[in-house]
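[1] Sequence and predicted structure are below.
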Amino acid sequence: MARSLVKSVQRQFSQSRQEYRADYRGGRDTRFQSRLTGVSAAGSGADFHYRNEREFLHLRERARDYYRNSDIVGQGVRRLVANVVQEGFGLDVTTSSTDLNEHLKGKWQEWASNPDQCHSERELTFQQMERLCLSTVIVDGDVISLQLQEGSLQWIEAHRLRTPTGTNRNVVHGVLVDDITKERKEYWITKEDVGLAPVKLVREIKRMPARDDDGERFVNHISDTTRFSQTRGVSCLAPVTDTVGMHDDLQFATLVKAQMAALITIFRERELGYQSVADAATGDIDTETVGSYVKTIEGISAGLEFGGAPGEKLKGFSPEIPSETFVEHAMLILTFIAINLDLPVAVLLLDPSETNFSGWRGAVDQARLRFRQIQRWYSDAFHTPTYRWKVLQWIDEDPVVKQAFASGIDVFSHAWHRPGWPYIEPLKDAQADALQQEELLTSPRRIQAARGRDWEEVYHEIIEDNTNLITAAAAAATRLQGQGIDIEWRDVLNPTVKMERRSSETETVEGDNGTTKRTKGERARLNAPTVPHLPSRLNGNSEAN
C-alpha cells in the first residue's frame, strides 16, 4: 500500500514537472498575470489591438493633451526632436556627374528653403516641416504628406484618416489595404475636421490613391510601426499614459498639500470646562444635498487657527512637505517617462547632477545609439521619398536633369548626412578620429558625416581658405623681398618655423684645423654682438665677455 502510494506521487510529480517545462508560464493566467483583453482567440494581428475607432481616437487625443498640458511630456518630445533633427539633415547628391550633383543640390536647397515652393500653405520651410513631422509622429503615431503636382507638400494629420461605418471594404482607420498582400491602396481622408464623431457615409471622405499610374508614391505615410501586420501608427506615449497621469496627480497633490500646510498655522489647547460662545468659522460655508442628507462643507482660508476639544492636547502643525520619499518616487516615474521617449532622465530634466561624468557619458552614448536608429528610419521614411518625388518633377521640368536621365545617369542617387553630436571630451574624440583616419580604419567622408557635416563642403572650404591664406602670404613675402629681406611665403605665416629651419641648416667652414661643418644657428650665435653689461644668456653669446 505504501509502495503504490509513493509510486503514484512520483508519477504525478513527474507529469506535473514535464507540463511545467513544456510551455511558457507567461502564457497562463495566474494571480501574478492579469487576464489579457483585446486579443483574438484565433491570433491577433497588430491592427486588431486598435480595432475600436473611438478608443483609437481617444488614445491620440490623450497623447496630444499630455503634449500640450504636461509639464514633462511636451519638453521631453521637443528634446528628442532636437537631438535627432538638430539643424536638419544634409543632402549629398552622388550621381556620376559632378556638375549634375551641384545642379541638383542647388535646386533642392532653393526649393527646401522657400516656404512658397515647399509648403502648400506657404508658411514652413522644409527644415521646419522636418521638425514638426517627427514631433507629430511621436505624439500622434503617424502623419501623411500629399505630394502635390504643383510641387509642394500638403500635410494631413492622423485624425482625418477615417473609416466610414457604411463600408464593408478592408479599410483600417482610413487606409484601404489589399485583402491578400496588405499593400496600402488608398487613403480615405475626411473633407474637413469632424472631431470624434463617426463618419457614416463614403461620400463624406476623399479617397487618395497611395501611388500614381507609374507606381510612384503619391501619399507618403510616415509611421514607425513595430509589427509587420501594423497599418496605422500608435503614439509613443501609449505605454506611459497611466504613468504620466500618476506623475501629474502626484505633483498636483503635493502642491495642494503644501498650500494647505501654509494655510493652517496654530492649534489651540483648551482646558476642561472651557466655555465658548461659538467657534470661528474656518472659511466660507456651503452645503451639498445627497438624497435626504444635507452635508455641510466648510472652506478654509489663510492663517487658520483651530481650537481643540476640551481635554485634548494638540501640537503645532508643521508637516514635512514634500515627504522624504517624494523626490525618489517622482524620479522613478520620470525615469519611466524618459526611457519611453528614448531619453536618459538626466537629458529629459537637463540636470546631470545626480550622476558623475562617466555615468553621464555612458547614458548619452547609449541614447545616441537610439538617436542614430531614429535618424536612419526618419531619412528613409520622409527624406528619401520626398527627394525622389522632386527629382521626378525636375526630369519633366528641367532640361539639364531630363538630359542626364535620358543619357542613363542615375539622377536619383543620393545620401542623407544625418546630424551628429558635439564631442563630450573634445581632445580624446578628436584624437580618436585622427587615429582612425591615419590607420585607414575609416574615411574622411564617414568621419565628417558622423559629425553631421558634408565632406565635400568641408574640403572645398579647406581648399578655399588655404588658397586665400597662401595667396595673401605670397603677396606679403613679395613685398618684403623687394625690401631686401630674405623670406618666403611660409615664413610670413609662421616666422618661428623659418628661424628653426634655418638654424638647423648646415654649412661648410674652412679653418686652421681643416674643413668642419656647423649649423647656421651656431654661426649666428658666434657673430652676434655682445652687450657687456648683460649676462651672456640674454645676448645669445655662450662665451664669457
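    In hand now; what should we look at? Numbers count the residues shown, from 1 in each chain.
[2] going forward, measure contacts between C-alpha atoms and count neighbours the same way
    OK.
[3] Off-centre distance for the biggest helix by length in the chain?
    Across the chain, the longest stretch assigned as helix under DSSP state H is helix 455-482. Helix 455-482 sits 40 Å away from the centroid of its parent chain (C-alpha atoms, centre = their mean, to the nearest Å).
[4] can you pull the buried residues of it?
    Residues of helix 455-482 classed as buried by neighbour count (16 or more other C-alpha atoms under 10 Å): W455, A473, A474, A476, A477, L480.
[5] Kindly report the same for stretch 70-81.
    With burial defined by 16+ other C-alpha under 10 Å, the residues of stretch 70-81 counted as buried are S70, I72, V73, G74, G76, V77, R78, R79, L80, V81.
[6] pLDDT (mean, whole number) over stretch 64-78?
    Per-residue pLDDT values across stretch 64-78 average out to 93.
[7] thinking again about what came up before, what is the nearest of the buried residues of helix 455-482 to I138?
    Distance to I138, by C-alpha to C-alpha, is smallest for W455 among those, at 31.0 Å.
[8] related to what we said a few turns ago, can you pick out the ones from the buried residues of stretch 70-81 that are in strands?
    Using DSSP state E to define strands, no part of those is located there.
[9] For these, give me TSV that also has distance to H383.
    Below are these laid out as TSV (distance: C-alpha to C-alpha, whole Å):
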residue	distance to H383
S70	30
I72	29
V73	26
G74	25
G76	24
V77	20
R78	20
R79	21
L80	18
V81	15
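[10] Out of the residues you listed, name the ones that lie in helices.
    Within these, residues falling in helices by DSSP H are V73, G74, G76, V77, R78, R79, L80, V81.
[11] Just the element for K185, please.
    Per DSSP states H and E, K185 falls inside strand 184-190.
[12] right, and the helix or strand after that strand?
    Following strand 184-190 toward the C-terminus (DSSP H and E): strand 205-209.
[13] Residues contacting the following helix or strand past that next one, please?
    Per DSSP H and E, the first helix or strand lying C-terminal to strand 205-209 is strand 219-223. Residues from elsewhere that reach strand 219-223 (C-alpha atoms under 8 Å, 6 or more residues apart in numbering): 137, 141-147, 187, 208-211, 232-233, 381-382, 385.
[14] The same query, at a cut-off of 7 Å, please.
    Strand 219-223 is contacted by residues 137, 141-147, 210-211, 233, 381-382 when judged by C-alpha atoms under 7 Å, 6 or more residues apart in numbering.
[15] And the helix or strand that it is followed by, how far out from the chain middle?
    Sequence order places helix 241-263 as the next helix or strand after strand 219-223, per DSSP H and E. Centroid separation for helix 241-263 versus its chain: 29 Å, with C-alpha atoms, centre = their mean.
[16] count of neighbours near the residue nearest to V234 when sequence neighbours are not counted?
    Of all residues not flanking V234 in the chain, G141 sits nearest, at 4.1 Å (C-alpha to C-alpha, 6 or more residues apart in numbering). Residues near G141, counting by other C-alpha atoms under 10 Å, number 24.
[17] hang on, T190 packs against R160?
    Yes - the pair T190 / R160 is scored as a contact, 5.3 Å apart, by C-alpha atoms under 7 Å.
[18] before we move on, back to that, tell me what the next helix or strand along the chain from the longest helix of the chain is packed against?
    Following helix 455-482 in sequence order, the next helix or strand is helix 489-493 (DSSP H and E). With contacts defined as 3 or more C-alpha pairs under 7 Å, 6 or more residues apart in numbering; DSSP states H and E, helix 489-493 has these neighbours: helix 455-482.
[19] Packing partners of the helix it packs on?
    Using 3+ C-alpha pairs under 7 Å, 6+ apart: helix 455-482 touches helix 444-450, helix 489-493.
[20] Between those helices, which one is closest to V39.
    Short answer: helix 444-450, nearest of the helices and strands packed on helix 455-482 by C-alpha to C-alpha, at 43.2 Å.
[21] Tell me which residues of that closest one come out buried.
    Applying 16+ other C-alpha under 10 Å to helix 444-450 flags P444, I447, Q448, A449, A450 as buried.
[22] from the middle of its chain, how far away would it be?
    Counting by C-alpha atoms, centre = their mean, helix 444-450 comes out at 21 Å from the chain centroid.
[23] Contacts for it next, please.
    Helix 444-450 has contacts (C-alpha under 7 Å, 6+ apart) with H417, R418, G420, D433, Q437, D454, W455.
[24] what does stretch 414-430 give?
    85-86, 88-94, 375, 379, 449-454.
[25] Which among the residues you listed count as buried?
    Buried among these (16+ other C-alpha under 10 Å): 85-86, 88-94, 375, 379, 449-450, 452-454.
[26] now, which of these sits nearest N170?
    The closest of these to N170 turns out to be S379 (C-alpha to C-alpha; 29.7 Å).
[27] For the closest one, which non-adjacent residue is closest in space?
    Closest residue to S379 apart from its sequence neighbours, by C-alpha to C-alpha, 6+ apart: W416 at 7.0 Å.
[28] residues near that neighbour, how many?
    19.
[29] So it versus A450, what's the distance?
    11 Å (C-alpha to C-alpha, to the nearest Å).
[30] same thing with V345?
    Distance from V345 to A450, by C-alpha to C-alpha: 24 Å.
[31] do the same with Y378
    Y378 is 16 Å from A450, by C-alpha to C-alpha.
[32] got it, and D342?
    Taking C-alpha to C-alpha as the measure, D342 falls 20 Å from A450.
[33] repeat for W111
    26 Å.
[34] Check G195 too.
    G195 is 44 Å from A450, where distance means C-alpha to C-alpha.
[35] What segments of the stretch 1-150 of the chain are helices?
    Assigned by DSSP state H, counting those that start in this stretch, the stretch 1-150 of the chain shows helices spanning 2-22, 53-69, 73-85, 98-112, 115-118, 126-140.
[36] Which of those helices sits closest to R490?
    Using C-alpha to C-alpha, those put helix 98-112 closest to R490, at 32.9 Å.
[37] The closest one: which residues count as buried?
    Within helix 98-112, judged by 16+ other C-alpha under 10 Å, the buried ones are L100, N101, L104, K105, W108, W111, A112.
[38] swap in stretch 198-217?
    With burial defined by 16+ other C-alpha under 10 Å, the residues of stretch 198-217 counted as buried are V199, V202, I205, R207, M208, P209, A210, R217.
[39] Show me the domain layout of the protein.
    Following automatic domain parsing, one finds the domains of the chain at 46-236+347-421, 242-340, 506-539.
[40] Turn the ones in helices among the buried residues of stretch 70-81 into CSV, including distance to L369.
    Listed next are these as CSV, based on distance: C-alpha to C-alpha, whole Å:
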residue, distance to L369
V73, 22
G74, 22
G76, 18
V77, 17
R78, 18
R79, 16
L80, 13
V81, 15
